[in-house]
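**Q** Have a look; sequence and predicted model below, questions after that.
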Amino acid sequence: MAAIAVADLPQVNIIDADQLVRLKWDHADTVVIDARNQADRKYGYIEGSIGLSNVDTNCKSLAKYVTSLQTPLAVYCNGMRCERSEKAIAIAIECGYEQLYWFRGGFEAWKQGGYPYVR
Amino acid sequence: MLMAVGIVIVVVEWDMSRQVVIETYRDSLTELLQHEVSEKLADVSTLSQELGQMVQQAPEVRQVLQLPTRSGAKHALDEYVKQNFSSSNRLQLVQIYLYDSDFQLIGQSSHGPWALNVDDVLCAEFMRRAEAAKGVERMRVKQSLCMDDGESGVFYTTVMPVGGFEMLGYLQLVINPASNLILVGSELGLPVRLIKNSNMIYRDADWYAEDNGHTVIRGDYELKDYDGANLATLSIQRDLSELNNQLAKKRNVMIFVATAIMLIAVSLAIWLLKSSIITPLATLTQQLRRVKEDRRMLTVPVEANGNKDVQKLVEMFNDMASELAQAYDQYEKVAFTDQLTSLPNRVLFMDRLQQMISLSARHGEKFSVLLLDLDNFKEVNDTLGHGAGDMLLCQIGQRLKRILRASSTLARINDANLPQGGGGVNATVARLGGDEFAILLPNVYQVEAALSIINRIKDAIEPPVDIGEDMVVTAASIGIVFFPEHAEDARELLRRAEVALYAAKGLQSDFSIYDPSLDLHDASYLSLKAELKKAIDENELLLYYQPKLDFETGRITGVEALARWQHPQRGMIPPDQFIPMSEQRGLIGPLTEWAIGRALRQCKEWQLQGVNLQVAVNLSSRVLFDMQLPNKIESMLISMQMSPSSLCLEITEQAMMQDPTRALVILDRLSKMGIALAIDDFGTGYSSLGYLKQLPVDELKIDKTFVLDMHTSEDDAKIVHATIDLAHNLGIKVVAEGVENETALAMLHNLKCDYAQGYYLSRPLPAQELIEWLHNSAWAESNDNTNGVDCGGR
């Protein structure tokens, strides 16, 4: 129910890997947040993403990386079944961020798209 | 044969399926190789990407890209390779290239175990394509197999952006995938080979050089570049010897199984064949055999079993058999029927008899055969014409048929518990020829049963037969034989029936059952019969004469002529043997005529010698009804210029009583001619006094049985006395036969008997001896006595 609620909100954009690349290229200030925990990140992550587990996500921790509420904020976790990105988005909405990009496919879709990653 | 074909089929089939198995093996080998190679290439891909990640994250490499001059790239890469690569690495790194964001080469590694250190960029074409990518494509990692222009081998190259979204530059890794790919062999346990344009890149030591596709099969994998062009071929081999062994084992099992199946199939086929064709055909054959033995089986249809063809055959057989049966019926009607009486003829009768014998052989049945002939047929034929004779035969035939139909039904009812088979043959009446009928009586095998049928036959024949204008009374003589007591084959049965029939006639009995004593002569008897005609023609027959004493004159006034047969080989044959024979053979007429002629000639001779003797000749009952007889005798008398009174004809009482009316007609005629007539064997028949009175006879001859015992038996003496009185009252003279002593002669004299005849006077003598005897005898006729020449002194 929460998922539908998040996705239906106007400030939330669901994007795929290609769209994430273009978003980043078009808006270099876009902050990409990896909502997974640190253990998962050891297996690889999108270079330039910020490791912030949804558990540690709050308005304060967000504010540390995202300079304004208008700054585009993209969130991903492991993949479609991973709920961390969704939870992080929900928190970001609570905190009042206006441009939210939910990369729902996550790290799986990224690798699948043939994009490079680092460890 | 079938088995051999079966095994050949199995072997051929097996070889074909072996080919299929091998093809399948090859396909599966190829598929396996494909799968394994894909996995290996995926490994290479992953390992290359990981290597790329590590290289691009190496600080010294990042540093180079972050410097505006981009210098020190080669050094940085070499350092990295030196620190991180050894021969034990899972990837054989050939070269690392570093490009700026515009794909300008800024450095390349030159170290490492597999470094090539060529000036040209390896897989340069692939790099150009990466450079041409647009949009997000530029950020994607690109990988492909590729090759350089030289012969060094196949490469696997990976191009990836450095710095994530920032895309600081590009990293190109070139590795040699051969070592990874050939792992396929060791992992599958199969020899592996990698060739590029027929140049061997790698080949396992246990790779089979002989690759004929029979002992070894090969799976190939084409390694292709990004354009799909062939780069090299990776192959694995599989030794088929084990497979072949297994296949051979399986083939043997298959042959065994196939043989077993074939045996079962053949047995099944034979069983089917047997039930659908062979058994029905056998039934058909059996029927054919039955038909061959007994044509009546033609009407019994064969049950149509078996398959369609056989059923059709059976139907055709049945159709044909019923047609044949009809044709046979027609044919039998014509060929086996007596045209006159419509009864079966001799041929059919013999056939039925044969059938009956065959059936009896199987079922152990008994039966009898009657042979019958009419006592006065010849007379009817001669006096009333052939038309009348034919009519008589027809009527008698019908009567026989009628009573036998009833009798056989009766017999079958009485013998209902008899085994079946004989019952299938009906009583058959057949006309064998002339007035001879034969009757086959199935199930009648006892004298009583036969006699009861004979009584019916007699009863049936007895009533007068209407032959148009006249009514004819006839009687039959019957000979009986029983199967198998009397004979076991048809011909002999019939012959013995004939013997019995003649015996019946000879005994003047209605019937006679065959007895071997009747047939003592058997073969010789038959030959004798055949010779009889010749004997008559060639004068082998003789007449003996027995003198007759006239008590009144004390002289010999007449003789009785008795026939003898002087057979050239067998000597003298007595009349009681050849007279019945002559009757059987229809020779009694000629014999009688011969005897009368001979006697008259002798009489004439004696007359010329001055001896006047009346000659008496016996007439058989058979000739008694020959209406031509008086005429024949008359012409003989005339031709020899003889007085009719020189001749006396003796007829037995029994012969006369057979048909008294007819006898009367002919005797009247003879008497009127002036011929003396005598009744022979008087006292043995049952002639009525009234009848005797009507007969134009001159003499009675008292049967010798009475005379022989006269002096001992008072009854006989009384009979003789009464007979003499009776005869004298009727004006008839009496002759006593069988006078064998003086006492008898004296007694007869006292009783006023007219003549005496017997051994006391003389036995029958040849003509010449008789004359000699007369000369020496007290009773010799005086030469001048001319009145004593006729019977009874007339």
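**A** Nice, I can see it. Note that the structure is predicted; figures quoted are calculated from it, not measured.
**Q** lowest confidence element among the helices and strands of the chain?
**A** All of this is about chain A. The helix or strand of chain A with the poorest confidence is helix A:2-8; it has a mean of 63 (mean pLDDT, DSSP states H and E).
**Q** That was the other one, I meant chain B.
**A** In chain B, no helix or strand scores lower on mean pLDDT, DSSP H and E than helix B:523-537, which sits at a mean of 69.
**Q** following it, which helix or strand comes up?
**A** Downstream of helix B:523-537, the first helix or strand assigned by DSSP states H and E is strand B:541-550.
**Q** C-terminal to the least confident helix or strand of chain A, what's the next element?
**A** Note on helix A:2-8: by DSSP H and E, the next helix or strand toward the C-terminus is strand A:12-15.
**Q** Going by neighbour count, list what's buried in the helix or strand that that next one is followed by.
**A** Using DSSP H and E, the helix or strand that follows strand A:12-15 towards the C-terminus is helix A:17-26. Neighbour counts over helix A:17-26 (16 or more other C-beta atoms under 10 Å in any protein chain shown) mark A:17-18, A:20-21, A:23-25 as buried. No exception for glycine: its C-beta is placed from N, CA and C like everyone else's.
**Q** distance of the residue of chain A found nearest chain B from A:W110?
**A** Using C-beta to the nearest C-beta, the single residue of chain A nearest to chain B is A:E47, 2.8 Å away. As judged by C-beta to C-beta, to the nearest Å, A:E47 and A:W110 stand 11 Å apart.
**Q** what do those two both touch?
**A** Shared contacts of A:E47 and A:W110 (C-beta atoms under 8 Å, 6 or more residues apart in numbering or on different chains): A:Y117.
**Q** The two - which one has more neighbours?
**A** Neighbour tally, A:E47 and A:W110, criterion other C-beta atoms under 10 Å in any protein chain shown: the higher count belongs to A:W110, 23 against 20.
**Q** so what's that one closest to, chain neighbours aside?
**A** What sits nearest to A:W110 in space, not counting adjacent residues and going by C-beta to C-beta, 6 or more residues apart in numbering or on different chains, is A:A17, at 5.1 Å.
**Q** Pretty sure A:A109 is one of the things the one you found touches, is it not?
**A** Yes. At 5.1 Å, A:A17 and A:A109 qualify as touching, with contact defined as C-beta atoms under 8 Å.
**Q** Between these two, which contacts overlap?
**A** With C-beta under 8 Å, 6+ apart, A:A17 and A:A109 have common neighbours A:F103.
**Q** Name the helix or strand for B:S28, please.
**A** helix B:2-57.
**Q** got the angle for the lengthiest strand in chain B vs strand B:541-550?
**A** Identified as the longest strand of chain B according to DSSP state E is strand B:555-567. Angular relation of strand B:555-567 and strand B:541-550 on a 0 to 180 degree scale: 160 degrees, by axes from the mean of the first three to the mean of the last three C-alpha atoms, to 10 degrees.
**Q** What is strand B:555-567 packed up against?
**A** The contact analysis (3 or more C-beta pairs under 8 Å, 6 or more residues apart in numbering or on different chains; DSSP states H and E) places strand B:555-567 against helix B:523-537, strand B:541-550, strand B:571-573, helix B:575-584, helix B:588-608, strand B:614-619.
**Q** Okay, and the beta partners of the residue nearest the centre of chain A?
**A** Central residue of chain A (C-alpha atoms, centre = their mean): A:V75, 0.5 Å from the mean position. Under DSSP bridges, the beta-bridge partners of A:V75 are A:I33, A:W102.
**Q** Report the buried residues of stretch B:202-217.
**A** Residues of stretch B:202-217 classed as buried by neighbour count (16+ other C-beta under 10 Å): B:202-204, B:207-208, B:216-217.
**Q** now it, how far from the centre of its chain.
**A** Relative to the centre of its chain, stretch B:202-217 is centred 73 Å away, using C-alpha atoms, centre = their mean, to the nearest Å.
**Q** For it, measure first residue to last.
**A** 18 Å (C-alpha to C-alpha, to the nearest Å).
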